[in-house]
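[1] this one's sequence-less:
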């Protein structure tokens, strides 16, 4: 293989990746979420930067397609925040792949992140990153492996330090007042 051919490989890979990400619009459009070609390029550039900053390497398609498929039906995504949320989610994903010492599979981490994003975080990216993902990664670094049986589902309650209100208890107390 000559130098010209080697130089064209990243360009061909980039085109293929952009095309694959644009194909995700077929699924996400029903949720009111689409990305333009320019936005896809921005996402890919953001991904490349995130990988460099975290000293990670990705082979194959990468995480963006899975990230889009995992989060596209979240009630906290809309056309206005879609691109920025995806950029932030991929940063969080790579950060916590590192922080969990790569012990989590991509699916386990995505499952955990999505579940927390839609439940305890209520779509709050800061809470997802700085609280939920941090606590989960810390537990994994300390030796917790229960997530392997659950696939990352229903894991956060084991480390949730905040007292949450109980909807049933609230309604019962309200009924007793009247």
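    Good, I have the coordinates. Not measured: the values here are computed from a predicted model.

[2] can you pull out the helices in this protein?
    Taking DSSP state H as the test, the helices found in the chain are 3-23, 25-28, 37-53, 64-71, 82-99, 106-118, 125-127, 134-141, 147-150, 167-177.

[3] nearest to residue 158, of the ones you listed?
    Closest to residue 158 of the helices of the chain is helix 134-141 (CB to CB; 7.3 Å). (Each C-beta comes from the backbone N, C-alpha and C, glycine too.)

[4] which elements pack onto the closest one?
    Applying 3 or more CB pairs under 8 Å, 6 or more residues apart in numbering; DSSP states H and E, we find helix 134-141 packed against helix 82-99.

[5] for the record, mean pLDDT for the helix it packs on?
    When pLDDT is averaged along helix 82-99, the result is 96.

[6] tell me what angle that helix forms with helix 64-71.
    110 degrees (axes from the mean of the first three to the mean of the last three CA atoms, to 10 degrees).

[7] for the chain, give me the ranges with low pLDDT.
    1-11, 163-167, 169-170, 174 (pLDDT under 70).

[8] which of the residues in stretch 122-140 are buried?
    Across stretch 122-140, burial judged by 16 or more other CB atoms under 10 Å covers 125, 127, 128, 129, 131, 132, 133, 135, 136, 137, 139, 140.

[9] for stretch 91-110, same thing?
    91-97, 99-100, 103-104, 108-110.

[10] and of the helices of the chain, who's closest to residue 160?
    helix 134-141 (7.8 Å).

[11] how far does the closest one sit from the chain's center?
    In terms of CA atoms, centre = their mean, to the nearest Å, the centre of helix 134-141 is found 16 Å from the chain centre.

[12] next, the angle helix 82-99 makes with it.
    Orientation of helix 134-141 against helix 82-99 (the same axes, to 10 degrees) gives an angle of 30 degrees.

[13] circling back: among the buried residues of stretch 122-140, which one sits closest to residue 44?
    Among the buried residues of stretch 122-140, and counting by CB to CB, the member closest to residue 44 is residue 125, at 20.1 Å.

[14] residue 139 touches residue 159, doesn't it?
    Yes: the pair residue 139 / residue 159 is scored as a contact, 5.8 Å apart, by CB atoms under 8 Å.

[15] state the distance from the closest residue to residue 73 other than its chain neighbours to residue 126.
    For residue 73, ignoring the flanking residues on the chain, the nearest one in space by CB to CB, 6 or more residues apart in numbering is residue 31 at 5.6 Å. Applying CB to CB, to the nearest Å, the value for residue 31 to residue 126 is 23 Å.
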